[in-house]
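A.B. asks: fold the stuff below for me.
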Amino acid sequence: MRSLHTKAPLFSVIILLLPLVLIAKSILIPMDMIQTDHLRAYGIAYGVLEHGVDVEWLLNYKGGAFLFNDFKEARDLCLLRGVRFEVLSSSDVVTVYETIEANNMEKIILEKPPKIAVYTPSNKEPWDDAVTLALVYAKIPYEKVWDEEVLHGELSKYDWLHLHHEDFTGQYGKFYGSFRNADWYREEVNINTRIAEKLGFQKVWYLKHAVARAIKHYIAKGGFIFSMCSAPITLDIALAAEGVDIVDAALDGDPVEQLYSSKLNFSNTLAFENFNLITNPMTYEHSDVDVTNEAQQRGQSTYFSLFEFSAKYDPVPSMLTQNHTALVKEFLGQDCGFRREKVKKSVVILGYVSGTEEIKYLHGNYGEGTFTFLGGHDPEDYAHYVGEPPTRLEQHKSSPGYRLILNNVLFPAAKKKKLKT
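C.D. replies: I've put the predicted structure just below:
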């Protein structure tokens, strides 16, 4: 009798707890065509992580949906920001998991909000930055860094670094031919010259090469970088040309170094190799990696394709290509895309223009970190020119191109686990 009395309360507790398990609820944020604001949905996921709640990123399920435990603040945030969500029961979640298990889908746990930095100067430049626009619209916090912070080792404070319309070759964006008399261009030269002098560099390109090395070191130590427009190619040029003067006299007072092309070290670069430089300051182009001229000839009706990966065996590229469409509108920039023959074989191709040499989107590993490059300047402005107003993302809530940016923002939040490949 005594043994029966000791077991009865335990049985009763199980019976009492069972209904609590059955009524536990989750929030699902679908990311397919029914979503009302894809871009702000990423901000919701980030905000949930800030509350200390894990988020499951359901790769290839409803366009890359987000799933997490239901709580009032999350519901309120979705309602406030116009993000569509569904409340699922435990049995509903089991059904979702079964669907994922049976298809080219996977669950990725996001466990902490990444600390984000955007590399940008203090002065106001006459163009917008698509990533900054995306972060502000999605309400994801970030901090600004520039050369001084980079060289003082402050990148170690951040999980993720963005580089946009930057020129790490020290040629001021190759704007000399068209804008050398413009006030903003002169200010750009003056600010870069002053910071170079402050940090002990005789020339701006010395400074920029040092910054490029520091960024590469940041990646090697586990940092994530995402770069667009001119930053990817100029970063690799600076790494290949370390210590070599490739800057024309019009920009730094002395001619380019003789036989400079034979001194390029492509083993130092991240993504590109065997490229030829264009050192003429009157030409708005850095190298033959870029395919902007060919892209312009194809026109605005062009789309680039996202590669479809195995979500279970290739979760990283799958995360970076989550979208509600496999085709994304082409958009130009100083560097629109990357010539296939110049891309290293070790790099993973994420997006490309079918039937052409253009690689639009790529990803690679270096040391303990990663780099992801996306060609073009603004996914919702086919040809964004100097001085034009910034894109209003309120008018592009479901932009596939901007989704690629925000995929990269959440990527460092993923729980590290042993990959199957």
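
A.B. asks: what bridges to the closest residue to V55 other than its chain neighbours?
C.D. replies: Closest residue to V55 apart from its sequence neighbours, by C-beta to C-beta, 6 or more residues apart in numbering: L110 at 4.3 Å. Backbone N, C-alpha and C define where each C-beta goes, glycine included. Beta-bridge partners of L110, counted by DSSP bridges, are V55, A414.

A.B. asks: so L110 is in contact with L58, correct?
C.D. replies: No: using C-beta atoms under 8 Å, L110 makes no contact with L58, being 11.0 Å away.

A.B. asks: which residues touch the closest residue to E341 other than its chain neighbours?
C.D. replies: Using C-beta to C-beta, 6+ apart and skipping the chain neighbours, the partner closest in space to E341 is E357 (6.9 Å). E357 makes contact with 291, 294, 339-341 under the criterion C-beta atoms under 8 Å, 6 or more residues apart in numbering.

A.B. asks: for this protein, which spans come out with low pLDDT?
C.D. replies: By pLDDT under 70, the low-scoring segments of the chain are 1-23, 124-127, 416-421.

A.B. asks: can you give me the helices in it?
C.D. replies: Ranges of helices within the chain are 2-23, 38-50, 72-81, 90-102, 130-138, 147-151, 176-179, 183-198, 204-220, 231-240, 249-252, 292-298, 315-320, 400-410, based on DSSP state H.

A.B. asks: please parse this protein into its domains.
C.D. replies: The chain resolves into domains spanning 2-110, 116-413 when parsed by automatic domain parsing.

A.B. asks: deepest-packed of those, please.
C.D. replies: For the domains of the chain, average neighbour numbers computed from mean count of other C-beta atoms under 10 Å are highest in domain 116-413, which has a mean of 19.

A.B. asks: next one: that domain to chain centre, how far?
C.D. replies: Centre-to-centre, domain 116-413 and its host chain are 10 Å apart (C-alpha atoms, centre = their mean, to the nearest Å).

A.B. asks: how long is that domain end to end?
C.D. replies: 11 Å (C-alpha to C-alpha, to the nearest Å).

A.B. asks: shift numbering so it begins at 608
C.D. replies: I'll keep to 608 as the first residue from here, and by that count the last item is domain 723-1020.

A.B. asks: picking that back up, and the gap between the residue nearest to V662 and D843?
C.D. replies: Distance of L717 to D843, given as C-beta to C-beta, to the nearest Å: 30 Å.

A.B. asks: try L884
C.D. replies: 11 Å.

A.B. asks: also F808?
C.D. replies: Going from F808 to D843 by C-beta to C-beta gives 20 Å.

A.B. asks: for A856, same thing?
C.D. replies: A856 is 24 Å from D843, by C-beta to C-beta.

A.B. asks: got it, and K936?
C.D. replies: For K936, the distance to D843 - C-beta to C-beta - is 26 Å.

A.B. asks: cool, and V954?
C.D. replies: Distance, V954 to D843, by C-beta to C-beta: 11 Å.

A.B. asks: which residues are in contact with both of these two?
C.D. replies: The contact sets of V954 and D843 overlap at A878 (C-beta under 8 Å, 6+ apart).

A.B. asks: and the closest residue to V725 other than its chain neighbours, what does it touch?
C.D. replies: Spatially, and ignoring its direct neighbours in sequence, V725 is nearest to H769 (4.8 Å; C-beta to C-beta, 6+ apart). Counting by C-beta under 8 Å, 6+ apart, H769 makes contact with 723-726, 736, 738-739, 749, 832-835.

A.B. asks: inside strands: which ones of these?
C.D. replies: 723-726, 832-835 (DSSP state E).

A.B. asks: the closest residue to V738 other than its chain neighbours bridge partners, please.
C.D. replies: Using C-beta to C-beta, 6+ apart and skipping the chain neighbours, the partner closest in space to V738 is H769 (4.7 Å). With DSSP bridges as the criterion, H769 is bridged to V725, F833.

A.B. asks: for the closest residue to S834 other than its chain neighbours, give me its contacts.
C.D. replies: In space, and not counting its chain neighbours, S834 is closest to L770: 4.2 Å by C-beta to C-beta, 6+ apart. Listed by C-beta under 8 Å, 6+ apart, the contact set of L770 reads 726, 822, 832-835, 838-839, 842.

A.B. asks: so which of those residues is the closest to E657?
C.D. replies: Nearest to E657 among the contacts of L770 is F833, at 20.3 Å by C-beta to C-beta.

A.B. asks: hang on, the earlier thing: quick one: the residue nearest to V738 from L981, how far?
C.D. replies: The value you get for H769 to L981, if C-beta to C-beta is used, is 11 Å.

A.B. asks: need the overlap of contacts for those two.
C.D. replies: Common contacts of H769 and L981 (C-beta under 8 Å, 6+ apart): 833-835.

A.B. asks: which of these lies closest to A847?
C.D. replies: When these are compared for distance to A847 (C-beta to C-beta), S834 wins out at 15.7 Å.

A.B. asks: my guess is the closest one meets L981, correct?
C.D. replies: Yes: using C-beta under 8 Å, S834 is in contact with L981, at 7.4 Å.

A.B. asks: show residues contacting stretch 907-916.
C.D. replies: Contacts of stretch 907-916 (C-beta under 8 Å, 6+ apart): 711, 902, 924-925, 928, 930, 933-937, 944, 956-961, 965, 967-968, 989.
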